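Colleague: fold the following, please.
(one chain, ligands or ions: 1)
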Amino acid sequence: MFICFHSELRTSVSAASCSCTHSSSSEVDTRPRGRVLRRFGYDDDLELTQEYLFPMIKIPPDCTTELNHNAYLFLQSVFDKHDKDRDCALSPEEVKDLFKVFPYMPWGPDVNNTVCTNEKGWITYQGYLSQWTLTTYLDVQRSLEYLGYLGYSIVYEQESQAAAITVTRNKRIDLQKKQTQRSVFRCNVLGAPGSGKSGFLQAFLGRNLQRQKRIKENHKSYYAISTTYVYGQEKYLLLHEVMPDLDFLSEADLACDVVCLVYDVSDPRSFEYCAKVYKQYFIDSKTPCVVIAAKSDLHEVRQHYSLSPHDFCRKHKLHPPQSFTCNTTTAPNKDLYTRLTTMAMYP
Ligand SMILES: Nc1nc2c(ncn2[C@@H]2O[C@H](COP(=O)(O)OP(=O)(O)OP(=O)(O)O)[C@@H](O)[C@H]2O)c(=O)[nH]1
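Modeller: All right, here's what the predicted structure looks like:
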């Protein structure tokens, strides 16, 4: 009932103001209505105000942003309302309907390659929550805006949408105390061009190589997010494929909870990139690093580097290279992603 709140309100108010134009202006007292509209975030032109859509929220350094329990409950009710056929996934029409109160379509086709989808390629319930989690983590202002269009603060009678957000405590305190309350962990994936980074991201969404080949180039995503279970707790792991240009790695490309350095076992030149990145950026950092020996279904060749990947890892006290392939007949194995989340939680 609340979900289309804004569109319904707009319609009824437009109708009301239309009928008002036919009556003499002295008969109409618009003040109470004005107050009601302002309470629901509208200005005199029936536009949602900037203050309503973008409430202030302070994010101190080394803190991240997550949705809280009430926000997930709210999003669940939005999903349930729009999943008309009850198949636990949103068809393209259902997605359109869900966002019809927005002034623009917030999700492009890349979202279907960022989160879990069903066999028809439709975003599942879990995928839908994952996308909200991703937006909240990467761009909390956008999430607040979206929750504003859906009327979150009105439904939950909160001062603003900011009540939907948990700002986590500083990561350095987590590290000191060796425990964390966070539920979203970021893993940056680095590797030479063509080493298998996208394959590694898509495999987390349960897609093998054959399925990945159906993804159109312009629908590709550099993010993948889904859940894993660590000691019985559900956590989100957010994978981010970083552009391989070594000279352009920004601080944002490097800031994360765990790093994957991917090389292609069949390409003798690919490990050198991992070794360089590690030595240049991570050798003195506290961020855990994992070397991924990708395309392990292919014939392994000797790497053109002074140390073999195994010896390199031993020398730098890293875990041995983790074999990985997405060239499987069924959905690729998820154990590695659970290990990554565990390392991110307990570095
Ligand atoms: N045999 C095999 N081929 C793979 C595997 N993973 C990826 N490939 C193939 O290797 C090629 C490159 O893989 P990508 O995952 O696109 O590599 P990338 O590192 O993301 O490449 P860029 O984004 O161009 O840097 C593609 O043609 C994939 O089909 C795998 O596990 N086994």
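Colleague: measure Ala162 to Ala71 for me?
Modeller: As judged by C-beta to C-beta, to the nearest Å, Ala162 and Ala71 stand 11 Å apart. (C-beta placed from N, C-alpha, C; glycine too.)
Colleague: more neighbours: which of the two?
Modeller: Set Ala162 next to Ala71 and count neighbours by other C-beta atoms under 10 Å: Ala71 wins out with 23 against 17.
Colleague: is it fair to say that one lies in a helix?
Modeller: Yes. Applying DSSP: H, G, I helix; E, B strand; the rest coil, one finds Ala71 inside a helix.
Colleague: so it sits right up against Leu147, yeah?
Modeller: Yes. Ala71 lies in contact with Leu147 (C-beta atoms under 8 Å); the separation is 7.2 Å.
Colleague: joint contacts of the two?
Modeller: Counting by C-beta atoms under 8 Å, 6 or more residues apart in numbering, the shared contacts of Ala71 and Leu147 are Ala164.
Colleague: state the distance from the closest residue to Ser91 other than its chain neighbours to the ligand.
Modeller: Once flanking residues are discounted, Ser91 sits nearest to Trp122: 5.4 Å by C-beta to C-beta, 6 or more residues apart in numbering. Between Trp122 and the ligand the distance, using C-beta to the nearest ligand atom, to the nearest Å, works out to 23 Å.
Colleague: distance check, Trp122 against Asn68.
Modeller: Using C-beta to C-beta, Trp122 is found at 27 Å from Asn68.
Colleague: now Ser153, what's its secondary structure?
Modeller: Strictly by three-state DSSP, Ser153 counts as helix.
Colleague: contact partners for it?
Modeller: 147, 159-161, 163-164.
Colleague: which one of the residues you listed is nearest Leu238?
Modeller: Minimum distance to Leu238 across those is 18.7 Å, recorded for Ala164 (C-beta to C-beta).
Colleague: burial count for the closest one?
Modeller: For Ala164, using other C-beta under 10 Å, the count is 26.
Colleague: hmm, back to that, looking at Trp122 and Asn68, which one has more neighbours?
Modeller: Comparing Trp122 with Asn68 by other C-beta under 10 Å, the one with more neighbours is Trp122, at 18 against 14.
Colleague: read off the pLDDT value for the more buried one.
Modeller: The model reports Trp122 with a pLDDT of 97.
Colleague: that one and Leu53, how far apart?
Modeller: Distance of Trp122 to Leu53, computed by C-beta to C-beta: 28 Å.
Colleague: stretch 195-210 near the ligand at all?
Modeller: Yes. Against the ligand, stretch 195-210 shows contacts by C-beta under 6 Å from any ligand atom at 195-199, 209.
Colleague: for the residues you listed, which single residue is the most surrounded?
Modeller: Of these, with other C-beta under 10 Å as the count, Gly196 tops at 29 neighbours.
Colleague: that one and Val262 touch, don't they?
Modeller: Yes. Contact criterion C-beta under 8 Å: Gly196 and Val262 qualify, at 5.7 Å.
Colleague: now the spatially closest residue to Ser308 that is not a sequence neighbour. Its backbone dihedrals?
Modeller: The shortest distance from Ser308 to any non-neighbouring residue, by C-beta to C-beta, 6+ apart, is to Arg302 (7.6 Å). With angles defined as degrees, to the nearest 10, Arg302 sits at phi -70, psi 130.
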